[in-house]
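Student: need a structure here:
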Amino acid sequence: MTVDDTSYRRMWAELLPVGRSASSGGYRRHAWNSADAECRAWFEEQARSRGLAYELDRNGNQWAWLGDPQQDGAIVTGSHLDSVPDGGAYDGPLGVVSSFAALDELRSRKAELTKPLAIVNFGDEEGARFGVACIGSRLSAGVLSREQAYELRDADGVRLPDAMERSGYDPGAIGADADRLSRVGAFVELHVEQGRYLTEDQPVGVASAIWPHGRWRFDFHGEANHAGTTRIEDRRDPMLTYATTVLAARKKARSAGALATFGKVAVEPNGTNAIASLIRGWLDSRAAEEEVLDALVEEIRVAAAERGERDGVRVELTRESYTPVVDFDGPLRDRLAKRLGGVPVLPTGAGHDAGILASVIPTAMLFVRNPTGVSHSPAEHAEEADCLAGVAALADVLEDLACQ
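Tutor: Modelled structure (predicted):
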């Protein structure tokens, strides 16, 4: 079934410039910054222009309601609008834009909904600013406590509650939102595929599961010294230990059939002519099974510690976040696949708000084909025809769930 592309194109054109870097072409929509505020204002305008009831929950997540928010069994869709540093245009926003476009499609079909329908924008899904992914949905689901959230700081030392307050939100209210989530019958998130598994004749797929994944911070403590006068044998250079650990992570991940990536590093004192005193490296690791992931991270830790002994460097490991394997609700997943005519059902290594919410409500995901497989990059892409197929698929699914 084809859909009217008018609203989709208009929304996409409005969002594309927001938070985009002129130098890299990537997006810098980080939690509670000015670009994030523009995205939030855009979401509210989309809701109000459609006559939807707009509200902000206790954790700063935005909701747009068609029907009574107090009624049980609501069907919810949506995603997020924030980005990783210099991220792509589609990761997150495609799901939000498609949700509003799917609602427009349902209205054009004159679908008679018997359940409330809501669109949500979850805050700080990427964790680019405070280092923990899916903060908005984690708080709502009770996976992240208020006390833990209050301890989160960005690279400049700004605490999460202070950032929220500066943006006009009340951080005193954050915490588990069990009452709201108890009224949700199902959550369906549409997302651009992050990989290249859907083929040219498969524009849409259904998620089966999310691999277990987490983020670990390695602290390599050495000794600051002069780069031009300190003898090689007198050095305690943490950069050597860090570099060896990066290589070990890649090698061990390949052997385990898993993934391990050091994508963020901080150096102190960060001088060209100085041996570093401290290297902080953040490991992102994922695997199909939790046992494999746990064993892999332990092997990387041991490799780091052994190299640190040789280099005179002390190594500390801190787990900053962890998400166990998520198997999406079986009956809901199967219902989506059947409604869409037997589309591919596939797992993903990427984390999502749907994966967090799966611990408390039935959730499912739709993927829209990514022809290059590139994500978290300005090169991220999805063809318009595939995106519109995603809108039609989401509308079909929402109609099936909310009209019975």
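Student: quick one: average confidence on stretch 11-21?
Tutor: The predicted model gives stretch 11-21 an average pLDDT of 96.
Student: Can you give me the first-to-last residue distance of that stretch?
Tutor: Using C-alpha to C-alpha, to the nearest Å, one end of stretch 11-21 lies 19 Å from the other.
Student: any chance you could map the strands in the stretch 1-150 of the chain?
Tutor: 53-56, 62-66, 74-79, 117-121 (DSSP state E, counting those that start in this stretch).
Student: For residue 159, find the nearest of these.
Tutor: Distance to residue 159, taken as C-beta to C-beta, is lowest for strand 53-56 among these, at 20.1 Å. To be clear about C-beta, it is placed using only N, CA and C from the backbone, and glycine gets the same treatment.
Student: Pass me the low-pLDDT residue ranges in the stretch 251-400 of the chain, would you?
Tutor: Scanning the stretch 251-400 of the chain for pLDDT under 70 picks out nothing.
Student: ok, which stretches of the stretch 301-404 of the chain are strands?
Tutor: 314-323, 326-327, 345-348, 363-368.
Student: For residue 79, find the nearest of those.
Tutor: strand 363-368 (9.6 Å).
Student: before we move on, the earlier item: as a markdown table, the strands of the stretch 301-404 of the chain with mean neighbour count would be great.
Tutor: Output for the strands of the stretch 301-404 of the chain, formatted as a markdown table (neighbours: other C-beta atoms under 10 Å):
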| stretch | mean neighbour count |
| --- | --- |
| strand 314-323 | 16 |
| strand 326-327 | 18 |
| strand 345-348 | 18 |
| strand 363-368 | 26 |
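Student: JSON lines please, covering these and showing distance to residue 123.
Tutor: JSON lines is the format used below for those (distance: least, C-beta to C-beta, whole Å):
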{"stretch": "strand 314-323", "distance to residue 123": "16"}
{"stretch": "strand 326-327", "distance to residue 123": "20"}
{"stretch": "strand 345-348", "distance to residue 123": "22"}
{"stretch": "strand 363-368", "distance to residue 123": "18"}
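Student: Out of these, flag the one nearest residue 95.
Tutor: Of the strands of the stretch 301-404 of the chain, the one closest to residue 95 (C-beta to C-beta) turns out to be strand 363-368, at 8.7 Å.
Student: Counting by contacts, list what the closest one packs against.
Tutor: The contact analysis (3 or more C-beta pairs under 8 Å, 6 or more residues apart in numbering; DSSP states H and E) places strand 363-368 against strand 184-192, strand 204-210, helix 330-339, strand 345-348, helix 353-357, helix 384-402.
Student: Out of the ones you listed, which one sits most buried?
Tutor: Sort those by mean neighbour count, taking mean count of other C-beta atoms under 10 Å, and helix 353-357 sits at the top with a mean of 28.
Student: Send me that helix as CSV with only the CA atoms.
Tutor: Extracted in CSV, the C-alpha atoms of helix 353-357 (Å, rounded to 0.1, in the frame of the first residue of the first chain):
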residue,chain,number,x,y,z
ASP,A,353,14.4,2.3,23.8
ALA,A,354,12.2,-0.6,22.8
GLY,A,355,14.8,-2.9,24.3
ILE,A,356,14.7,-1.1,27.6
LEU,A,357,10.9,-1.0,27.8
